[in-house]
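Novice: Could you work out the structure for the sequence below:
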Amino acid sequence: MRDTRRVNPQTPQPDVPDAASAGATGVDYQAVVRDAGEAMVTYDPAGRVTSWNAASESLLGYRAADVLGRVAPHLASTDPLPHGGRGLVDRRHRDGRDIALLVSVAAWHDRQGGVAGWTEILRALPDTLPAPPGVALTAARSLARALENAEMHLVYQPIVRLRDRQVVSAEALLRWRDPTGGELSPDQFIGDAEREGMVGALGLFVLRSACAQLAAWRRDGQTALPVSINVSARQFRLPDLSLSFAAALREYQIDPQWLRLEITESAIVDEPDIAAARIAELRALGISIAIDDFGVGYSSLSRLRQYPIDTLKIDHSFVRDIATDHVAREVAGAVIMLAHKLGMTVVAEGVETEAQYDTLVALGCDCGQGFLLGRPLPQNQLAALLAAG
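Specialist: Numbers count the residues shown, from 1 in each chain. Reported below is the predicted structural model:
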């Protein structure tokens, strides 16, 4: 999706130096791309900018005062509404240089169903400067094109209530159907995504795809389940995270009780003040919070009790030996008991044997997830599983 619209010459715009002067500015574009973060811009139906964050200013060079209330420089006033979805665009920096961006666009609507505005989330590609001839695509460009070419998709792993083995929710898991490498799981590309600043874009894809699936289940009259999505520590710290969730809930008209957010302990422990603010914002939207992979060494329940956490997911490393090692069993039992005292639901990860299952039931664990209880499935297979009861 390339943005080819021209600026209406009659629309007043901030002054932009010509391209010839750009080289004299001394702008380090690689530093701009590396340091800007994830830009978020919102517009009213006429294309006027209603919010413009610091990352937008870093990426494009305009101060908020330059653009708020004015038609955005890249939009024509005759046809301001963009197409929804994700793609690649070129945007002009104030200094005159085009910057390649990955953009996700979501419209939002008023109570009568009319377009009340839209949101763009922008991430600059680290190879926004032209690569020398013959140089292979960077990981960032490959990931961006994977999003643009619909190579990314979600599968859903059931989360099962242990006392009766009923599926009560599902975790959305990202997969990359790479034309050359086959089906890839996140552990095979998430490192590149983090190094290249693509985690926010991938996280947004998971969020919007999960919301779209929830909306489709409701529209088709199928049995719906609450869906959990994972947010990396880096994505969790983004100041506009809650705005992304609010925009997705609004666009797909999803009741927030159907969406659950999973974060790791490190996301909370490393920067507790930021964590408290993000959790408060997300809880205000009605989204429940789960701590994923608990017990891998970052914190204790005593540190987590200050946060309004709904669910605790015990890491598979504790579950693996729970049926054969009395120490693992005692530790898991203590975690389950304390989590219950704090009002949390407990999910055991990596349940693969009947012996593990029986031990978890005896310890009073609420739910489980793992190959014994259900492998990750495409949405149609999950729907068939639910329909079969």
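Novice: helix, strand or coil for residue 365?
Specialist: State at residue 365, reduced to three classes by DSSP: H, G, I helix; E, B strand; the rest coil: coil.
Novice: Next, count neighbours for it.
Specialist: Neighbourhood size, residue 365 [other Cβ atoms under 10 Å]: 26. Glycine gets a C-beta too; all of them are placed from N, C-alpha and C.
Novice: For it, grab phi and psi.
Specialist: phi -70, psi 140 (degrees, to the nearest 10).
Novice: any weak-confidence spans in the stretch 51-200 of the chain?
Specialist: 73-88, 98, 109-113, 125-141, 196-197 (pLDDT under 70).
Novice: can you pull out the strands in it?
Specialist: With DSSP state E, counting those that start in this stretch as the criterion, the stretch 51-200 of the chain has strands at 85-92, 98-109, 115-124, 152-161, 166-178, 182-184.
Novice: out of those, nearest to residue 329?
Specialist: Residue 329 lies closest to strand 152-161 among the strands of the stretch 51-200 of the chain, at 20.3 Å (Cβ to Cβ).
Novice: what does the closest one rub up against?
Specialist: 146, 166-177, 202, 205-206, 209-210, 213, 227-228, 347, 366-369, 373-379, 382, 385 (Cβ atoms under 8 Å, 6 or more residues apart in numbering).
Novice: Just give the number of residues close to the nearest residue to residue 50 once chain neighbours are set aside.
Specialist: Once flanking residues are discounted, residue 50 sits nearest to residue 42: 4.9 Å by Cβ to Cβ, 6 or more residues apart in numbering. Here the number of neighbours of residue 42 (other Cβ under 10 Å) works out to 18.
Novice: and residue 42, what are its phi and psi?
Specialist: phi -120, psi 150.
Novice: correct me, but it touches residue 51?
Specialist: Yes: using Cβ atoms under 8 Å, residue 42 is in contact with residue 51, at 4.5 Å.
Novice: Nearest to residue 320, out of the strands of the stretch 51-200 of the chain?
Specialist: Of all the strands of the stretch 51-200 of the chain, strand 152-161 comes closest under Cβ to Cβ, at 17.4 Å.
Novice: got the buried residues for that closest one?
Specialist: 152, 154-161 (16 or more other Cβ atoms under 10 Å).
Novice: What residues of stretch 374-388 count as buried?
Specialist: So for stretch 374-388, counting by 16+ other Cβ under 10 Å, buried means 374, 376-377, 379, 382-383, 385-386.
Novice: mind giving me the domain ranges of this protein?
Specialist: With automatic domain parsing as the criterion, the domains of the chain are listed as 19-134, 141-387.
Novice: my read: residue 119 touches residue 243, true?
Specialist: Yes: here residue 119 reaches residue 243: they are 7.3 Å apart, a contact under Cβ under 8 Å.
Novice: Which residues are in contact with each of those two?
Specialist: residue 40.
Novice: Looking at these two, which is more packed in?
Specialist: residue 119 (23 against 18).
Novice: give me every residue that touches that one.
Specialist: 40-43, 105-106, 108, 243-244, 247.
Novice: What is the most widely separated pair among the buried residues of strand 152-161?
Specialist: Pairwise over the buried residues of strand 152-161, using Cβ to Cβ, the maximum falls at 152 and 161, 30.2 Å.
Novice: show me the contacts for the residue nearest the centre of the chain.
Specialist: Central residue of the chain (Cα atoms, centre = their mean): residue 203, 2.4 Å from the mean position. Residues counted as contacts of residue 203 (Cβ under 8 Å, 6+ apart) are 231-232, 235.
Novice: now the buried residues of strand 152-161 in TSV, with distance to residue 329?
Specialist: Below are the buried residues of strand 152-161 laid out as TSV (distance: Cβ to Cβ, whole Å):
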residue	distance to residue 329
152	39
154	34
155	31
156	30
157	24
158	25
159	22
160	20
161	21
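Novice: secondary structure element for residue 228?
Specialist: Using DSSP states H and E, residue 228 falls within strand 227-230.
Novice: Tell me which residues are up against that strand.
Specialist: Contacts of strand 227-230 (Cβ under 8 Å, 6+ apart): 156, 159, 169-173, 206-207, 210, 213-214, 258-263, 290, 292.
Novice: So what are the sheet partners of it and their directions?
Specialist: strand 166-178 (parallel), strand 259-264 (parallel) (DSSP bridges).
Novice: Could you single out the most deeply buried of those?
Specialist: Stretch with highest mean neighbour count among the strands paired with strand 227-230: strand 259-264 (a mean of 22; mean count of other Cβ atoms under 10 Å).
Novice: what's the angle from that one to strand 152-161?
Specialist: If you take axes from the mean of the first three to the mean of the last three Cα atoms, to 10 degrees, strand 259-264 sits at 90 degrees to strand 152-161.
Novice: which of the residues in the helix or strand following strand 259-264 are buried?
Specialist: Using DSSP H and E, the helix or strand that follows strand 259-264 in sequence is helix 265-269. Neighbour-count burial for helix 265-269 flags 265-268 (criterion: 16+ other Cβ under 10 Å).
Novice: would a markdown table of those residues with distance to residue 97 and pLDDT be doable?
Specialist: Shown next, in a markdown table, are the buried residues of helix 265-269 (distance: Cβ to Cβ, whole Å; pLDDT from 0 to 100):
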| residue | distance to residue 97 | pLDDT |
| --- | --- | --- |
| 265 | 41 | 81 |
| 266 | 37 | 77 |
| 267 | 35 | 80 |
| 268 | 39 | 82 |
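Novice: any idea which helix is longest in the chain?
Specialist: Ranked by number of residues, the top helix in the chain under DSSP state H is helix 199-219.
Novice: Only C-alpha atoms, please: export that helix in CSV.
Specialist: What follows is helix 199-219, C-alpha atoms only, in CSV (Å, rounded to 0.1, in the frame of the first residue of the first chain):
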residue,chain,number,x,y,z
VAL,A,199,7.8,-5.4,17.6
GLY,A,200,5.2,-2.7,17.8
ALA,A,201,4.0,-3.4,14.2
LEU,A,202,3.8,-7.1,14.8
GLY,A,203,2.0,-6.5,18.1
LEU,A,204,-0.5,-4.3,16.4
PHE,A,205,-1.1,-6.9,13.7
VAL,A,206,-1.8,-9.5,16.4
LEU,A,207,-4.2,-7.1,18.2
ARG,A,208,-6.2,-6.2,15.1
SER,A,209,-6.3,-9.7,13.8
ALA,A,210,-7.6,-11.1,17.1
CYS,A,211,-10.2,-8.3,17.3
ALA,A,212,-11.2,-9.1,13.7
GLN,A,213,-11.6,-12.8,14.6
LEU,A,214,-13.7,-12.0,17.6
ALA,A,215,-16.0,-9.8,15.5
ALA,A,216,-16.3,-12.5,12.8
TRP,A,217,-17.3,-15.1,15.4
ARG,A,218,-20.0,-12.8,16.7
ARG,A,219,-21.2,-11.9,13.2
